[in-house]
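Engineer: Sequence isn't available, so here's the structure alone:
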């Protein structure tokens, strides 16, 4: 799992970098990260198989309905256009 967490951390960092570019920061000022040895991407699967894990199904935790806010398509579009959603603003 530790190998997978490292890759997830890199992915989150790269998503944040991409969002910064979408929000107007110059791409030349942003860093993206990836492992120097691309074989690292195979490690989580190899290690899981070595201990007998062949499937990750059944681990889902249901999200209670009361924690979910439903939005109409129009509300989502309005929030997206105004930049209210996670600081992302569409530039046309």
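Structural biologist: Perfect, thanks for sending it. Since we're looking at a predicted model, the values are computed, not measured.

Engineer: Can you name the residues that contact residue 13?
Structural biologist: 32, 33 (C-beta atoms under 8 Å, 6 or more residues apart in numbering). Every C-beta, even on glycine, is put in place using the N, C-alpha and C of the backbone.

Engineer: could you give the mean pLDDT of the host helix or strand of it?
Structural biologist: According to DSSP states H and E, residue 13 maps onto helix 2-22. For helix 2-22, mean pLDDT rounds to 88.

Engineer: Heading C-terminal from the helix or strand residue 45 falls within, find the next helix or strand.
Structural biologist: Here residue 45, judged by DSSP H and E, is contained in helix 43-50. Under the assignment DSSP H and E, the closest C-terminal helix or strand after helix 43-50 is helix 73-82.

Engineer: Quick check, pLDDT for residue 53.
Structural biologist: On the pLDDT scale, residue 53 gets 60.

Engineer: mind starting the numbering at 823 from now?
Structural biologist: Sure, I'll start numbering at 823, so the last one becomes residue 875.

Engineer: can you count the residues close to residue 845?
Structural biologist: Residues near residue 845, counting by other C-beta atoms under 10 Å, number 13.

Engineer: Spatially nearest residue to residue 853, not counting backbone neighbours?
Structural biologist: residue 839 (6.4 Å; C-beta to C-beta, 6 or more residues apart in numbering).

Engineer: The one you found contacts residue 856, correct?
Structural biologist: No: applying C-beta atoms under 8 Å, one finds residue 839 not in contact with residue 856, separated by 11.4 Å.

Engineer: okay, those two: which has more neighbours?
Structural biologist: A side-by-side neighbour count of residue 839 and residue 856, using other C-beta under 10 Å, places residue 839 first with 17 against 13.
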